[in-house]
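Novice: Sequence and computational prediction follow.
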Amino acid sequence: MAQPRILLTGLAFGESPRWHDDRLWFSNWGTQEVVTADLDGNSEVAARVPTTIPYSIDWLPDGRLLVVPGQEALLLRREPDGSLITHADLSSLGPVFNEIVVDGRGNAYVNGEIVVLVTPDGSVRQVAEGLAFGNGMAVTPDNRTLIVAESHGNRLTAFDIAADGSLSNRHVWAGPRLLRLHARRPGPQDPLHAGSRVAGHGPHDQRGADRPGADRRGARARHRLALTRRTSQSSR
């Protein structure tokens, strides 16, 4: 069995982990930074985000970084010179947003209590509502299903994705029973192991401070980040 090891220490609330270009990327909420690190623990600041919390990240198909500063209800884009510019303004649809995922067609989905779609041409519209604290999201490799962690609903919720990016056929992709089973016995045959992974807080996270809009500016706890390198053939 692979053993975890400490990759970085001294983080000020690390969140929204991603694996991109053979490096770990995450939002270091307490320092307003997007940080990237290699497997030897060498880290650098990739972007500084003018916000408090929450904020999350993903990439367009052309490699440009997108950042959601949740309190500002904006979607920012990092340009080649390192500057952050407004990619889309979400404020007409809600006051606070949380997580983001981008599909293979360049559609960006941003959530909070709703899901907003930002298409490659820059149009913005709501495509789902009534989330019980929308958190980490994933899109299946075929671009046909969006999976959303509803932290306060103890479930992973799935939507069918239409050709224009619209969502339909909302259904529970994994509920409390399957999530508890996965926590005890994860393995290659477990659909949560074999399927898409959803980053961010797990669906069992019930901390009141995690709801969108909660004020955690005073929470400067130092966190450790552990990385497990799985070496089995099934995980490559």
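Specialist: Structure received.
Novice: can we go C-alpha only for contacts and neighbour counts from here?
Specialist: Noted.
Novice: out of everything not next to it in sequence, what's closest to Phe93?
Specialist: One thing to correct before we go on: residue 93 is Leu, not Phe. Leaving aside its chain neighbours, Leu93 sits nearest to Gln126 (7.2 Å; criterion: CA to CA, 6 or more residues apart in numbering).
Novice: show me where this protein has helices.
Specialist: Secondary structure of the chain, counting by DSSP state H: helices at 176-184, 191-194.
Novice: residues in contact with Asn143?
Specialist: Asn143 sits next to Asp103, Gly104, Arg105, Ile161 when contact means CA atoms under 8 Å, 6 or more residues apart in numbering.
Novice: now do 6 Å
Specialist: Remark: with contacts taken as CA atoms under 6 Å, 6 or more residues apart in numbering, Asn143 is in contact with nothing.
Novice: cool, and Pro95?
Specialist: Contact criterion CA under 6 Å, 6+ apart gives Ala73 as the residues in contact with Pro95.
Novice: The chain should start at 49 in everything you say after this.
Specialist: All set: I'll call the first residue 49, so the last point we hit is now Pro143.
Novice: how close does it sit to Ser91?
Specialist: Taking CA to CA, to the nearest Å as the criterion, Pro143 is separated from Ser91 by 33 Å.
Novice: Gly62 too?
Specialist: Following CA to CA, the distance that separates Gly62 from Ser91 is 13 Å.
Novice: Among the two, which residue is more densely surrounded?
Specialist: Relative neighbour count places Gly62 above the other of Gly62 and Ser91, with 22 against 16, counting by other CA atoms under 10 Å.
Novice: bridging residues for the more buried one?
Specialist: When assigned by DSSP bridges, Gly62 has beta-bridge partners Asn76.
Novice: can you check Val220 too?
Specialist: Under the criterion DSSP bridges, Val220 forms beta bridges with Thr205.
Novice: Just give me the neighbour total for it.
Specialist: 13.
Novice: That one and Thr205 touch, don't they?
Specialist: Yes - because the distance of 4.6 Å satisfies CA atoms under 6 Å, Val220 is recorded as touching Thr205.
Novice: for Gly89, phi and psi?
Specialist: Listed backbone geometry of Gly89 is phi 90, psi 10, with angles given as degrees, to the nearest 10.
Novice: What separation do you get for the closest residue in space to it that isn't next to it in sequence and Val116?
Specialist: Once flanking residues are discounted, Gly89 sits nearest to Leu55: 5.1 Å by CA to CA, 6+ apart. Applying CA to CA, one obtains 25 Å for the distance of Leu55 from Val116.
Novice: Of these two, which one has the most company?
Specialist: Here Leu55 and Val116 are compared on neighbour count by other CA under 10 Å; more neighbours surround Val116, at 30 against 17.
Novice: Am I right that that one is in contact with Ile101?
Specialist: No - counting by CA under 6 Å, Ile101 is not a contact partner of Val116; they are 9.8 Å apart.
Novice: So for stretch 110-121, what gets flagged as buried?
Specialist: Leu113, Leu114, Val115, Val116, Pro117, Gly118, Gln119, Glu120, Ala121 (16 or more other CA atoms under 10 Å).
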